[in-house]
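Enquirer: No sequence on hand, only this structure:
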């Protein structure tokens with residue numbers, strides 16, 4: 001109500017700077033609502049404080065800029081004594097406020113006054129960083145035309161530049177505008193060592209990645225503090241298009257390793273990204289047998305996680321070592337067997353040159369599967385050419401003993417059907433599979449063993465303990481009964 005305001009201003013003793021409970025003066029209130037005519041009337045009043053602040057510390061100019069009241073901003077900028085760099089809530093200036101909401105016209109008006117284009121808020125964010133972060137390409141373009149603009153200023157608790165902030169958020173248009181700026185540092189890093197390229201790749205922003213890869217001087221192999229590159233980040237996330245773009249970049253190193261020895265191929269294998277694995281395998285010079293600090297290769301990692309499609313892809317790679325072992329001596333077959341990944345085991349068993357009896361201190365894939373109760377895996381391994389069904393660990397315990405001692409009746413039954421299985425072989429302490437099962441009270445396992453041809457029910461360990469005695473001493477009545485029911489059982493032993 002401009003006429004009313006003018007009439008009131010003519011009243012003797014009128015307080016033009018009076019504020020309400022929120023600290024709003026008439027000028028701030030009118031500016032916030034976009035009433036340009038009222039603002040003009042108030043600015044003509046004797047004693048008007050053009051820089052008065054509300055309870056949040058915002059001036060009329062900051063309020064108008066934030067709310068995109070371009071006409072009001074223009075009127076205020078013509079006021080005598082106006083502080084264009086006044087700092088309001090959270091350290092925002094009128095320029096930062098306008099940039100945050102994408103008001104290019106207001107930003108342009110403010111820049112014409114000689115405003116501080118590099119002023120930063122409490123989080124060290126400049127107008128350029130804020131506009132870039134929020135995807136306001138037009139505002140970014142206007143700001144870049146300002147004299148003295150710092151295109152590489154870093155702000156926020158993470159130390160993001162405008163380019164890093166825009167890349168992280170996936171604002172392709174903003175990134176394109178920034179890359180045309182004179183002096184832009186395309187490889188600037190934040191406090192975590194992340195560049196714009198790394199940020200875009202880890203978020204899967206393909207268009208941004210492509211744009212950055214076309215920038216002069218871009219470091220495609222840049223790594224964070226842990227040694228992880230852009231390619232590793234994208235591979236771990238399974239971003240197929242980003243990986244494709246990176247693999248096409250000049251100078252890309254597909255075998256670079258992080259501090260823990262991990263490569264992009266290992267990352268993709270770990271998370272089961274089969275398509276990415278296939279793409280990496282097609283890269284010139286890819287090292288398919290590279291191992292990390294623990295000796296884990298992509299093949300071992302994929303086997304451990306049960307990624308069948310990844311395993312199949314790796315096995316088709318030229319030069320793949322199917323029997324390579326990690327620092328603990330475990331091969332891919334052993335890892336898959338231990339974890340019970342039957343499909344992976346089946347695929348590995350079809351690989352040329354696979355060593356089905358490879359061991360780690362006597363522990364073979366068969367023993368590992370048996371002691372975990374993985375019946376399907378055991379059955380698959382038993383069908384492999386050259387499998388040693390009686391292999392034993394350093395203490396003399398065989399696959400059959402391991403399964404019997406754990407009570408895995410299905411595994412025991414499967415093993416008993418294997419050609420050449422020795423049901424009476426004893427460990428270093430003299431215990432047989434039967435004595436072990438009887439001692440633990442595994443009635444079904446004992447029954448299965450008793451059904452085996454040539455089972456010796458009276459054999460004793462080095463302490464003279466038979467299956468009868470072991471079961472009786474621990475109160476396993478059903479087992480004792482089963483044993484006593486066997487022909488040739490020596491009842492006196494009990």
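Expert: That came through, no problem. Please read all numbers here as calculations on a predicted model, not as lab measurements.
Enquirer: What sits closest to residue 184 if chain neighbours are left out?
Expert: Leaving aside its chain neighbours, residue 184 sits nearest to residue 151 (5.1 Å; criterion: CB to CB, 6 or more residues apart in numbering). (Glycine included, C-beta is placed from N, CA and C.)
Enquirer: what's around that neighbour, how many residues?
Expert: The number of residues packed near residue 151 is 20, by other CB atoms under 10 Å.
Enquirer: which SSE is it in?
Expert: Under the criterion DSSP states H and E, no helix or strand holds residue 151.
Enquirer: Just the helices from the stretch 201-350 of the chain, written as ranges.
Expert: Assigned by DSSP state H, counting those that start in this stretch, the helices in the stretch 201-350 of the chain fall at 206-213, 230-237, 240-247, 264-270, 274-281, 298-305, 308-315, 332-339, 342-349.
Enquirer: hang on, the residue nearest to residue 184 packs against residue 181?
Expert: Yes. With contact defined as CB atoms under 8 Å, residue 151 counts as touching residue 181 (4.7 Å).
Enquirer: Give me the common contacts of the two.
Expert: residue 144 (CB atoms under 8 Å, 6 or more residues apart in numbering).
Enquirer: who touches the residue nearest to residue 184 in this structure?
Expert: Applying CB under 8 Å, 6+ apart, the residues near residue 151 are 128, 144, 161, 162, 163, 178, 181, 182, 183, 184, 185.
Enquirer: give the contact list for the second one.
Expert: Just to be clear, that refers to residue 144. 128, 151, 177, 178, 181.
Enquirer: re the thing from before, for residue 392, find the nearest of the helices of the stretch 201-350 of the chain.
Expert: Nearest to residue 392, of all the helices of the stretch 201-350 of the chain, is helix 332-339, at 15.8 Å by CB to CB.
Enquirer: Next, the angle helix 308-315 makes with that closest one.
Expert: 170 degrees (axes from the mean of the first three to the mean of the last three CA atoms, to 10 degrees).
Enquirer: which other helices and strands contact helix 332-339?
Expert: helix 298-305, helix 342-349, helix 365-371, helix 375-382 (3 or more CB pairs under 8 Å, 6 or more residues apart in numbering; DSSP states H and E).
Enquirer: how big is the angle separating the first one from helix 274-281?
Expert: Here helix 298-305 runs at an angle of 170 degrees relative to helix 274-281 (the same axes, to 10 degrees).
Enquirer: Which strands and helices lie in contact with helix 298-305?
Expert: helix 264-270, helix 308-315, helix 332-339, helix 342-349.
Enquirer: try 6 Å this time
Expert: Using 3 or more CB pairs under 6 Å, 6 or more residues apart in numbering; DSSP states H and E, the elements in contact with helix 298-305 are helix 264-270, helix 308-315, helix 332-339.
Enquirer: I'd like to know which helix or strand in this structure has the lowest mean pLDDT.
Expert: Lowest by mean pLDDT, DSSP states H and E among the helices and strands of the chain is helix 2-9, with a mean of 76.
Enquirer: Now the following helix or strand past that helix: buried residues?
Expert: Sequence-wise, the next helix or strand downstream of helix 2-9 (DSSP H and E) is helix 26-33. By neighbour count on 16 or more other CB atoms under 10 Å, the buried set for helix 26-33 is 26, 27, 28, 29, 30, 31, 32.
Enquirer: repeat for stretch 425-434
Expert: Using 16+ other CB under 10 Å, the residues of stretch 425-434 that count as buried are 426, 427, 431, 432, 433, 434.
Enquirer: same question, stretch 261-274
Expert: Across stretch 261-274, burial judged by 16+ other CB under 10 Å covers 262-274.
Enquirer: same question, stretch 77-91
Expert: Across stretch 77-91, burial judged by 16+ other CB under 10 Å covers 77, 79, 82, 84, 86, 87, 88, 89.
Enquirer: Do you know the pLDDT at residue 46?
Expert: Note on residue 46: pLDDT of 85.
Enquirer: For it, which non-adjacent residue is closest in space?
Expert: Leaving out its chain neighbours, the residue that sits closest to residue 46 by CB to CB, 6+ apart is residue 16, at 7.6 Å.
Enquirer: Same question for residue 69.
Expert: residue 34 (3.9 Å).
Enquirer: For the one you found, grab the count of nearby residues.
Expert: 17.
Enquirer: right, and it touches residue 70 too?
Expert: No. Using CB atoms under 6 Å, residue 34 is not in contact with residue 70, being 9.0 Å away.
Enquirer: contacting residues for residue 166?
Expert: Neighbouring residues of residue 166 by CB atoms under 6 Å, 6 or more residues apart in numbering: 132, 174, 175.
Enquirer: quick one: the strands in the protein?
Expert: According to DSSP state E, the chain carries its strands in the segments 359-360, 363-364.
Enquirer: okay if I get these as JSON lines plus mean pLDDT and mean neighbour count?
Expert: Formatted as JSON lines, these follow (pLDDT from 0 to 100; neighbours: other CB atoms under 10 Å):
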{"stretch": "strand 359-360", "mean pLDDT": "90", "mean neighbour count": "20"}
{"stretch": "strand 363-364", "mean pLDDT": "96", "mean neighbour count": "24"}
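Enquirer: I am finished for the moment; much appreciated.
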